[in-house]
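Student: model this:
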Amino acid sequence: MRPEAPFYVGRTRPSAIGWTRIGLTLLAGAVLALIMAQRSTALGVLLVVALFAALALWTWMGQWTRFIVDEHGLTVSLGGFLPRRAWPLEDFRTVQLRELPRSTVGVTLGGYGWRRGRASTPKLAELTPVGSRKVFTLDDLQRPYRMLVTREGTMVEIIGRGTTQYILSPEDPHATADAVDQAIRARR
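Tutor: Presented below is the predicted three-dimensional model:
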């Protein structure tokens, strides 16, 4: 008997690295605004302040997110209020937990935040199965990923049916992985 599709709401929050990126963006904007205040017009200073404030806001929104796992897949809302297109459930093959220590997150995934890119595929030692599923390794060294990574540690990795994989670092990775597992089983 198929289970019902879940309705799970999870979230991601910036780590110390995320807050550092936000703070450095604001600091760079403040320094540039102070330098421009000595040589430029008030409009130029205001423009620089607005630009760096927008960059800091966008960085924050890419790490402070809310997401929903339901019968459509996984839908991320940047900043908790700006929904993006769902990661489609029909593209999900399996889900597993992936452990990435702080020393390898940047090298393995290429950075933090909401983004697309090429990332290193998992090694068997990094993986933990979810429920009764088996872990799934890939032959390629790198694959295209859609990412929502805000911190190191245990992440939820969704192996896609096509060439794209998905990875996110929610506050509760086990509950998120269970919800994705239930959604995949409900679809079959």
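
Student: Any idea which residue is closest to the centre of the chain?
Tutor: For the chain, Leu148 is the residue whose C-alpha lies nearest the centre (CA atoms, centre = their mean; 0.6 Å).

Student: Next up, identify which helix or strand it is on.
Tutor: strand 142-149 (DSSP states H and E).

Student: what's the next secondary structure element after that strand?
Tutor: Sequence order places strand 153-160 as the next helix or strand after strand 142-149, per DSSP H and E.

Student: Quick one, grab the pLDDT at Val49.
Tutor: Reported pLDDT at Val49 in the predicted model: 96.

Student: Ranking helices and strands of this structure by mean pLDDT, which lands last?
Tutor: helix 102-109 (a mean of 88; mean pLDDT, DSSP states H and E).

Student: Residues contacting that one, please?
Tutor: With contact meaning CB atoms under 8 Å, 6 or more residues apart in numbering, helix 102-109 is reached by Leu100, Tyr112, Gly117, Ala119, Ser120, Tyr145, Met147, Val149, Arg151, Glu152, Ile167. Yep, even glycine has a C-beta here, placed from its N, CA and C like the rest.

Student: what's the answer for stretch 71-86, then?
Tutor: With contacts defined as CB under 8 Å, 6+ apart, stretch 71-86 is touched by 5, 11, 57, 60-62, 64-68, 87-92, 114, 148, 158, 166, 168, 180, 183, 186-187.

Student: Looking at those, which are in helices?
Tutor: Leu57, Trp60, Met61, Val180, Ala183, Ala186, Arg187 (DSSP state H).

Student: Let's have the residues you listed in JSON lines, adding distance to Ser77, neighbour count and pLDDT.
Tutor: Shown next, in JSON lines, are these (distance: CB to CB, whole Å; neighbours: other CB atoms under 10 Å; pLDDT from 0 to 100):
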{"residue": "Leu57", "distance to Ser77": "15", "neighbour count": "14", "pLDDT": "98"}
{"residue": "Trp60", "distance to Ser77": "13", "neighbour count": "19", "pLDDT": "97"}
{"residue": "Met61", "distance to Ser77": "9", "neighbour count": "17", "pLDDT": "97"}
{"residue": "Val180", "distance to Ser77": "17", "neighbour count": "28", "pLDDT": "98"}
{"residue": "Ala183", "distance to Ser77": "17", "neighbour count": "24", "pLDDT": "97"}
{"residue": "Ala186", "distance to Ser77": "22", "neighbour count": "15", "pLDDT": "95"}
{"residue": "Arg187", "distance to Ser77": "22", "neighbour count": "13", "pLDDT": "89"}
